[in-house]
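Colleague: Give me a model of this one.
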Amino acid sequence: MHPTRYTSLIRRIASAFAGDFNQNSIVRGTAHQVSRSRDSLMAPRSLASGRWLRMTVGALLVVMVLAAGSVSAASWYFTDQLVTPDHSAPRFDIAVHDSTSKAVELDKTNETLRPGVWGLEWPAGHAIIGAITSISSGTVNRALVRATAPLARGLRVAMNSQVYWDDPELSFGIPSQTVDVPSELGSLHDWFVAGSPTDFAIVVHGRNAPITDGMRLVPALVDLGLSILLIRYRNDVGSPPSPDHLLHLGDTEWRDLQAAVQWAVSRGAQRIVLVGISMGGAVVEMFMERSSVARRVAALVLDSPVLSWDALLRFQADRRRLPDALVGPTELVLRLRIGFDSGIYDAVRDAGLVHVPILLFQDGQETLTPPDRAAALGRARPNLVEYHFYRQSGHVEEWNADPGGYTFILRAFLARTLNLLTTVTPT
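Modeller: Okay, the predicted model is just below:
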C-alpha cells in the first residue's frame, strides 16, 4: 500500500473515532452540567483527551497491521515466484504466416528479430530457426533448420532459448542412455553419454527449466572426449518432489548434484567439470562450498549464474520500482517457507573460497539476476575466472546469439584446463 493511502486511511479512521467521541461528549457534558460540581465539569474534558489518545493510537495500530499485511502479501507473492515449481506450457503468441522446408515467416516482434539460433515450440512439435533472411513491415523471415511437424499458416508458436527438445541421441545422433541416479529422495532419471572413463562433465539446468537446458553444450563436450551426465533434481518433471513441494534455490538441490557426482565417481570419474546454468550455477556453487566430494571437481562452467539471492531480490525490486525495504521481509518469508537464509549465499563475497578455474558467461540484457555480480566475481579472482560478457544477449541466451563463438570459447577453456590433446579451431 502506498504511503499516501496510509495517511488517508489514518485520517479516515481518526475522523470516524473522533466523530463518535464528539457525539457522545455532548450528551455527557449536558448530564454533568446539572451537578454544578467543578470536578464533574472537568471530567468530560479529561475523558475526552484520554479517549482521543486511545482512538488515535488504535487507528495507527490498525494502519500498521494493514501495512504489515500488505508487505507480507507482497513478500509472499515474490517468494512464490521463486520457489513454486512451474512446468506449464509457454504462451504460444507468435503467428506463423508461411513456411517452406527451408524458411519460416513469423510475426515481427522483439523476439523474432533477435539474431542467432532459437527454438520454436507449439503443442504438436518443435523447430529450430536460424538467421534472419528478410524483414517486412509486419513479418520476419528466418532460416528453418529443422522441424518435427509442419509449420502451417496460422499456427501459434513460442520462441525460446531451448533449441533442442530431446535426449542427445534424438537431438544429435549421439548415443545416450537414461540412467537412474540414487538420491536421498529417490531415483533421478538422468541422461548419460559415455566418453572418457575418467573425465566427466555434469550439467545442471536452471530454475524450472527442463533437462534439455544444457543440451546445446553436448556436441562440444563430446568433441573433447568427456563423458556427460545431464541431471535432473528434485521437483523436476518425473523426479521426486521435495517434502514441501517447493524449490529451495540450491540449498537442498545441491545434494542431488552430489548424488550425481558420487554416481560418476563410482564409475571411474577422477576429474569432473560442473556446468551450472542460471539457478544451476547456485546449485553448483553451494555444492562446491558444502560437499565432501567437491575435491573431485577440476573446473566450473557458469552461464548467467545466480551468484547471490539477496542481490537478485534487490535487482528484481529495482526493476519493478519497488522499495528496497521490501527485500528484508521477502527474505524473512523465504526463511519461514523453505528454511533458507538467502544471506548466507554470496559467491562474490566468498570468492576467496574459489580453488578451481571458472569459465563465466554473462549476458547484458538480464531479466533475472544482476549482471554486475558476474563481473565482480571476475574481478575478485582474475587468476581463476575467465569472464565473457555478451552485451546484447538475454538471460542464458549467450549461446543462442553466437553458437560458434560460445562453443569455441568453451572448448578452448576445457582443453587448456584439463590439458586435453585436441585441436580447437573457431567454428
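
Colleague: what about the stretch 1-150 of the chain, any weak spots by pLDDT?
Modeller: Within the stretch 1-150 of the chain, the segments meeting pLDDT under 70 span 1-71.

Colleague: what separates the nearest residue to Pro370 once chain neighbours are set aside from Val222, distance-wise?
Modeller: Nearest non-adjacent residue to Pro370, counting by CB to CB, 6 or more residues apart in numbering: Phe315, 4.1 Å away. C-betas here are computed from N, CA, C, even on glycine. Separation of Phe315 from Val222 (CB to CB, to the nearest Å): 36 Å.

Colleague: tell me the contacts of Phe389?
Modeller: Counting by CB atoms under 8 Å, 6 or more residues apart in numbering, Phe389 touches 362-364, 371, 374-375.

Colleague: Let's see that with 10 Å instead.
Modeller: Taking CB atoms under 10 Å, 6 or more residues apart in numbering, we find Phe389 in contact with 360-364, 371, 374-375, 378, 398.

Colleague: Go through those residues and flag which are in helices.
Modeller: Among the contacts of Phe389, the residues falling in helices (DSSP state H) are 374-375, 378, 398.

Colleague: ok, of these, which come out buried?
Modeller: Buried members of the ones in helices among the contacts of Phe389, counted by 16 or more other CB atoms under 10 Å: 374-375, 378, 398.

Colleague: buried set for the helix or strand harbouring the residue nearest to Pro370?
Modeller: If you go by DSSP states H and E, Phe315 is part of helix 309-319. By neighbour count on 16+ other CB under 10 Å, the buried set for helix 309-319 is 309-317.

Colleague: can you list the residues you listed in TSV and add pLDDT and distance to Ala89?
Modeller: Formatted as TSV, those follow (pLDDT from 0 to 100; distance: CB to CB, whole Å):
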residue	pLDDT	distance to Ala89
Trp309	97	27
Asp310	96	32
Ala311	96	31
Leu312	96	25
Leu313	95	27
Arg314	94	31
Phe315	95	27
Gln316	92	24
Ala317	91	29
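
Colleague: show me the contacts for the closest residue to Gln362 other than its chain neighbours.
Modeller: In space, Gln362 comes closest to Ala374 once its chain neighbours are excluded; the distance is 3.7 Å by CB to CB, 6+ apart. Neighbouring residues of Ala374 by CB under 10 Å, 6+ apart: 281, 302-305, 307, 347-348, 360-363, 366, 385, 387-389.

Colleague: Any figure for the gap between Ala374 and Val356?
Modeller: On the measure of CB to CB, Ala374 and Val356 end up 17 Å apart.

Colleague: ok, now Asn110?
Modeller: Taking CB to CB as the measure, Asn110 falls 38 Å from Val356.

Colleague: And those two? Which one has more around it.
Modeller: Val356 (16 against 6; other CB atoms under 10 Å).

Colleague: Could you pull up the residues touching the more buried one?
Modeller: 272-274, 288, 294-295, 297-300, 384, 417.

Colleague: rerun at 8 Å
Modeller: Val356 touches 288, 297-300, 384, counting by CB under 8 Å, 6+ apart.

Colleague: So which of those residues sit within helices?
Modeller: In helices, defined here by DSSP H, the members of these are Met288.

Colleague: So in terms of bridging, what pairs with Arg156?
Modeller: With DSSP bridges as the criterion, Arg156 is bridged to Ala95.

Colleague: Run a quick neighbour tally on it.
Modeller: Neighbour tally, Arg156, other CB under 10 Å: 13.

Colleague: ok, it touching Ile94?
Modeller: Yes - at 6.8 Å, Arg156 and Ile94 qualify as touching, with contact defined as CB atoms under 8 Å.

Colleague: tell me which residues of the helix or strand encompassing Leu332 are tucked away?
Modeller: Secondary structure from DSSP H and E places Leu332 in helix 327-338. Neighbour-count burial for helix 327-338, counted by 16+ other CB under 10 Å, picks out 327, 329-331, 333-334, 337-338.

Colleague: Ala147: which of the contacts of Phe389 is nearest?
Modeller: Proximity of these to Ala147 (CB to CB) peaks at Glu398, which lies at 24.5 Å.

Colleague: wait, what's in contact with the closest one?
Modeller: 303-304, 361-363, 388, 390, 406.

Colleague: State the distance from it to Asp98.
Modeller: Distance from Glu398 to Asp98, by CB to CB: 30 Å.

Colleague: what do you get for Ala209?
Modeller: 31 Å.

Colleague: Settle it for me: which of the two has more neighbours?
Modeller: Shown here are Ala209 and Asp98; by other CB under 10 Å, Ala209 has more neighbours (20 against 13).

Colleague: On the pLDDT front, check the more buried one for me.
Modeller: The model reports Ala209 with a pLDDT of 96.

Colleague: That one reaches Ile277, doesn't it?
Modeller: Yes - at 7.2 Å, Ala209 counts as touching Ile277 under the criterion of CB under 8 Å.

Colleague: any weak-confidence spans in the stretch 201-350 of the chain?
Modeller: Within the stretch 201-350 of the chain, not a single segment meets pLDDT under 70.

Colleague: mind listing the strands for it?
Modeller: Under the criterion DSSP state E, counting those that start in this stretch, the stretch 201-350 of the chain contains strands at 227-231, 271-277, 297-303.

Colleague: okay if I get those strands as JSON lines plus mean neighbour count?
Modeller: Below are those laid out as JSON lines (neighbours: other CB atoms under 10 Å):
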{"stretch": "strand 227-231", "mean neighbour count": "26"}
{"stretch": "strand 271-277", "mean neighbour count": "26"}
{"stretch": "strand 297-303", "mean neighbour count": "24"}
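
Colleague: do you know which of those lies nearest Pro243?
Modeller: strand 227-231 (20.0 Å).

Colleague: what's the nearest residue to Gly276 once chain neighbours are set aside in contact with, if anything?
Modeller: Nearest in space to Gly276, with sequence neighbours left out and distances taken as CB to CB, 6+ apart, is Val284 at 3.5 Å. Contact analysis of Val284 by CB under 8 Å, 6+ apart lists 204, 254, 257, 274-276, 300, 302, 305.

Colleague: got these as CSV, with distance to Leu170 columns?
Modeller: CSV is the format used below for the contacts of Val284 (distance: CB to CB, whole Å):
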residue, distance to Leu170
Val204, 21
Trp254, 29
Leu257, 25
Leu274, 25
Val275, 21
Gly276, 24
Leu300, 28
Leu302, 27
Pro305, 28
